[in-house]
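In: My questions concern the predicted model and sequence given below.
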Amino acid sequence: MIKTENEAINALENLSNILYALEQTKEINIFNAVGMSKQEVKHSSFLSWLFAPQQIHGKGNLFLCDFLKALYYYPQNDNIEIFSNSNILSATFTYEEIIDIATASDIKVETEKVIDNPDSRIDIFIYSKEKNSVIVIENKVFTSTHDDQLKRYELEVEKLNTDKTLKKIFIYLTPFGETPTDINGEYQQGWCIIDYATIVNNLKKRIGNIRNQKLKYLIEDYINMVDNKILHNNPTIRSLCKKIRKEHQEAIEILLNYIDNVDMAYKYIAKNWLPQNIQNYNYLNANGRKLVFYTDTIKNFYNKHGHKMEISEGLFKFQISVMSKDGPVSMDMWLSKAEESEWTEADVKIHDILQPNKKMGKKFCTVYSCPILSLEEREKVFENDKELYDLIDERLKFFIDRFLKFEKQLLEI
């Protein structure tokens with residue numbers, strides 16, 4: 001039983017050492033090396049390579065056949081209102097006709113396919129004129145559907161259906177067989193469901209019969225990457241997790257009870273406060289603990305002085321950010337420039353409005369900072385969410401008053 005602060009610190013340090021050991025269980029893996037686990041486009045490219053019969057893997061239509069068979073027999077969703085794949089497919093195809101698509105001599109497998117609308121890129125597109133069939137695969141590894149993209153893909157494919165005889169299969173591929181939805185979050189009918197575990201299981205069944213060692217190593221790496229990074233099925237990691245839970249339960253309880261309001265603060269400011277209080281803002285980044293933006297007034301000021309806002313990717317001449325790191329949370333306005341260049345006249349004018357007595361740095365210069373949450377408030381247990389949001393609103397009154405005055409001064413220059 002942990003009784004003192006030192007015992008708690010020791011317990012957390014021991015847990016940290018175990019977690020470090022867990023990190024070292026990672027093996028050399030080509031897909032991890034190229035960062036594929038986090039990039040849907042690369043997943044789509046590899047799967048397309050497997051599915052294309054003419055590719056140099058030399059397995060012909062084997063992988064595509066396995067995929068289509070598994071698609072047809074994919075288990076019924078627990079929600080009886082969601083149609084089974086076999087129910088959806090049998091409206092157009094017999095089982096034999098589905099598998100027969102993979103035998104087409106003219107079959108093409110493409111990624112990021114554009115039919116007409118450049119904003120509607122189909123992740124994996126499989127087409128055969130010979131079989132008069134098209135397969136659309138929407139691949140969602142880490143994200144979910146947005147706007148009406150599934151419906152848009154259906155409409156794009158329909159542009160190929162000039163004689164109204166084209167047979168279509170729409171597939172929603174996700175890590176765990178999530179339900180395809182429309183813009184309102186409602187079930188998008190007509191889309192078959194399949195998961196990454198099914199693909200991995202198919203490959204595991206085939207791996208023993210693959211004689212080409214390079215291909216075998218490649219598929220083994222892919223299986224391990226998906227198991228570890230997406231499905232979290234690594235048995236070594238599961239064993240270590242059990243050990244951690246058994247031997248470090250009290251330290252885990254400390255971690256679970258640790259309070260940090262910073263994520264709620266970021267989300268509230270991005271989704272509620274910013275749209276209600278600042279007009280014509282432009283997001284540079286609004287993801288997780290990153291919130292950076294500027295306004296059209298600032299952009300127009302720089303344009304007026306002959307400058308673009310962007311210096312390089314992710315770096316802008318003037319930006320407003322929520323800053324936190326491990327300490328207090330604040331809303332800051334700051335200038336930036338390339339290190340080898342000089343501060344422009346526009347930069348200096350903004351600096352003189354907001355922070356005339358501060359020396360400008362070699363690359364960055366914070367010209368205003370408004371506290372939002374102290375470290376104690378960041379770790380405080382609030383009675384309810386509204387209490388936290390009210391506190392943030394109160395603090396940001398000081399920021400918005402100064403910011404609106406600043407924008408007015410820019411317009412007068």
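Out: Arrived safely, thanks for sending. Numbers count the residues shown, from 1 in each chain.
In: Longest helix in the protein, by number of residues?
Out: helix 385-412 (DSSP state H).
In: helices or strands next to that helix in the packing?
Out: helix 262-268, helix 296-304, strand 329-336, helix 345-354, strand 364-373 (3 or more Cβ pairs under 8 Å, 6 or more residues apart in numbering; DSSP states H and E). Yep, even glycine has a C-beta here, placed from its N, CA and C like the rest.
In: Give the buried residues for it.
Out: Neighbour-count burial for helix 385-412, counted by 16 or more other Cβ atoms under 10 Å, picks out 388-389, 391-393, 395-396, 399-400, 403, 406-407, 410.
In: That one vs strand 329-336, what angle?
Out: Interaxial angle of helix 385-412 relative to strand 329-336 (axes from the mean of the first three to the mean of the last three Cα atoms, to 10 degrees): 20 degrees.
In: how much distance is there from helix 385-412 to the middle of the chain?
Out: In terms of Cα atoms, centre = their mean, to the nearest Å, the centre of helix 385-412 is found 30 Å from the chain centre.
In: How about stretch 131-139?
Out: Distance of stretch 131-139 from its chain centroid, counting by Cα atoms, centre = their mean, is 24 Å.
In: Just the buried positions in that stretch, please.
Out: Lys131, Ser133, Val134, Ile135, Val136, Ile137, Glu138, Asn139.
In: ok, now stretch 198-217?
Out: Thr198, Ile199, Val200, Asn202, Leu203, Ile210, Leu215.
In: quick one: the second one from Arg206, how far?
Out: Ile199 sits 11 Å away from Arg206, going by Cβ to Cβ, to the nearest Å.
In: Please identify the helix or strand for Ile74.
Out: Slight slip there: residue 74 is Tyr, not Ile. Of the helices and strands defined by DSSP states H and E, none includes Tyr74.
In: which residue sits closest to it in space, ignoring its chain neighbours?
Out: Counting by Cβ to Cβ, 6 or more residues apart in numbering, Tyr74 lies nearest to Asn85, which is 4.8 Å off, once chain neighbours are set aside.
In: Ok, Lys140 next?
Out: Nearest to Lys140 is Thr174, by Cβ to Cβ, 6+ apart, at 4.8 Å.
In: Kindly report the same for Gly288.
Out: Nearest-residue entry for Gly288: Tyr266, 7.1 Å, with adjacent residues in sequence omitted and distances by Cβ to Cβ, 6+ apart.
In: What of Ala197?
Out: Nearest one to Ala197, counting by Cβ to Cβ, 6+ apart, is Leu231 at 5.8 Å.
In: Show the pLDDT at the one you found.
Out: According to the prediction, Leu231 has pLDDT 83.
In: and what of Ile135?
Out: Reported pLDDT for Ile135: 98.
In: That one is in what secondary structure piece?
Out: strand 133-139.
In: Past that strand, which element shows up next along the chain?
Out: Beyond strand 133-139 toward the C-terminal end (DSSP H and E), the next one is helix 149-158.
In: counting contacts, what elements does that following helix pack onto?
Out: Against helix 149-158 (3+ Cβ pairs under 8 Å, 6+ apart) you get strand 133-139, strand 167-174.
In: What lies in contact with the shortest one?
Out: So that's strand 133-139. With contact meaning Cβ atoms under 8 Å, 6 or more residues apart in numbering, strand 133-139 is reached by 40, 43-44, 47, 101, 104, 122-128, 145, 149-150, 153, 157, 160, 166-173, 180, 191.
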